[in-house]
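Novice: only the shape, not the letters, is given here:
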């Protein structure tokens, strides 16, 4: 999927350009001159435990059933500088996101996932019929996942584009489209890093 390769490239750039687990700490200030920092809050990567706990809170997937197989550097919130380690970490996040999204979009759990968006999966799993529900789900879920009160319009449009590409263009249906959105969110820097604002 194109979104996956774009995400991997962005993730590798973030990893390659950062050391020690936080960004924007130039000249002894937490904010530095990095425009990506939120005020003076440092940007730090979620630890493996924080990742698992966040997924549990957001999606109700117990940490003990998650397949988070992250590198040892992730347990302390540090970032590996070498590309091989960064690629392994990106692959681990991808595998975890796919497994979690598949679990929570199964027919038995999809209705619960959509409750806060106040909509339901369409009969027959139609991607085009379910587009309005998917948009409502994205608008409700993305701010929670990204730990923000609002998410900018381009980010929401990008997530909606992921849904449409998978559910409608590829014909994979509503549940697979929502799963693709979750995969994207769970691999997004806005989910994986605290203090990053869009």
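Specialist: Cool, the structure landed. Quick caveat: nothing in here was measured; it's all calculated off a predicted structure. Residues are numbered from 1 along each chain as shown.
Novice: in the protein, where is pLDDT below threshold?
Specialist: 1-40, 68-84, 197-198 (pLDDT under 70).
Novice: kindly confirm my reading that residue 51 is in a strand.
Specialist: No. Residue 51: not assigned to a strand; according to DSSP: H, G, I helix; E, B strand; the rest coil it is helix.
Novice: for burial, what's the neighbour tally of the residue nearest to residue 54 when sequence neighbours are not counted?
Specialist: Distances taken as C-beta to C-beta, 6 or more residues apart in numbering put residue 46 closest to residue 54, at 6.6 Å, once the chain neighbours are dropped. For every residue, glycine as well, the C-beta is placed using N, CA and C. By other C-beta atoms under 10 Å, the residues close to residue 46 number 18.
Novice: got the phi and psi for residue 46?
Specialist: Torsion angles at residue 46 (phi, psi; degrees, to the nearest 10) stand at phi -60, psi 140.
Novice: right, and it touches residue 193 too?
Specialist: Yes. The criterion here is C-beta atoms under 8 Å, and residue 46 meets it with residue 193 at 7.1 Å.
Novice: ok so, going back, please report how far the residue nearest to residue 54 lies from residue 148.
Specialist: Distance of residue 46 to residue 148, computed by C-beta to C-beta, to the nearest Å: 15 Å.
Novice: show me what contacts residue 136?
Specialist: Contacts here follow C-beta atoms under 8 Å, 6 or more residues apart in numbering; on that basis residue 136 touches 117, 118, 119.
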